[in-house]
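> here you go, sequence then predicted model.
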Amino acid sequence: MDIKIKRGQILKDLRKSKGLNQSELASMLEISNQAYQKYEYGTAEPNYDTLCKLADFYGVTTDYLLGRDPNPLSNIRLDIIGTDDEAFSAAYKNLPDYAKI
């Protein structure tokens with residue numbers, strides 16, 4: 001998959017997880033709807049300030065938004081946690097918001 005399309009899909013998935021449409025998010029970011037649409041379609045990329053606003057809003061890293069963090073759960077050792085509900089619950093609470101989705 002083209003990296004720009006992957007980045008756009010990440011943005012789309014995160015936006016939908018918050019129950020927002022493109023216009024609402026563009027307004028929150030103080031950019032045009034057309035500019036935001038281009039980010040999701042993979043035909044343009046957000047500038048640094050917009051990328052940081054998006055990361056802050058979603059509670060994710062900029063690396064994740066750029067498609068550089070392929071598996072946010074990769075640092076959790078489920079084999080160590082096992083079936084212990086308390087340990088699993090504690091591990092879940094320590095996840096960043098984007099990994100809980």
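All right, it came through fine.
> immediately after the helix or strand harbouring residue 25, which helix or strand?
Assigning secondary structure by DSSP states H and E places residue 25 in helix 22-29. Scanning forward in sequence from helix 22-29, with DSSP H and E defining helices and strands, the next element found is helix 33-41.
> helices and strands around that following helix, which ones?
If contacts are counted by 3 or more CB pairs under 8 Å, 6 or more residues apart in numbering; DSSP states H and E, helix 33-41 sits against helix 3-17, helix 22-29. Every C-beta, even on glycine, is put in place using the N, C-alpha and C of the backbone.
> format those helices as a markdown table; extra columns: mean neighbour count, mean pLDDT and distance to residue 42.
Shown next, in a markdown table, are the helices and strands packed on helix 33-41 (neighbours: other CB atoms under 10 Å; pLDDT from 0 to 100; distance: least, CB to CB, whole Å):
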| stretch | mean neighbour count | mean pLDDT | distance to residue 42 |
| --- | --- | --- | --- |
| helix 3-17 | 16 | 89 | 4 |
| helix 22-29 | 16 | 96 | 14 |
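> residues near residue 58, how many?
By other CB atoms under 10 Å, 21 other residues sit near residue 58.
> so who does it touch?
In this structure, residue 58 makes contact with 14, 18, 65, 97-98, judged by CB atoms under 8 Å, 6 or more residues apart in numbering.
> same thing with residue 65?
7, 10-11, 51, 54-55, 58.
> pLDDT weak spots in this protein?
1, 69-84, 98-101 (pLDDT under 70).
> try it again with 90
Across the chain, residues meeting the criterion (pLDDT under 90) sit at 1-7, 58-101.
> please name the nearest non-neighbouring residue to residue 67.
Leaving out its chain neighbours, the residue that sits closest to residue 67 by CB to CB, 6 or more residues apart in numbering is residue 6, at 4.6 Å.
> quick one: that neighbour from residue 85, how far?
35 Å (CB to CB, to the nearest Å).
> ok, now residue 35?
When distances are taken as CB to CB, residue 35 and residue 85 turn out to be 45 Å apart.
> and what of residue 57?
Residue 57 sits 32 Å away from residue 85 when distances are taken as CB to CB.
> neighbour-wise, which of these two wins?
Neighbours were tallied for residue 57 and for residue 85 using other CB under 10 Å; the higher tally belongs to residue 57 (15 against 9).
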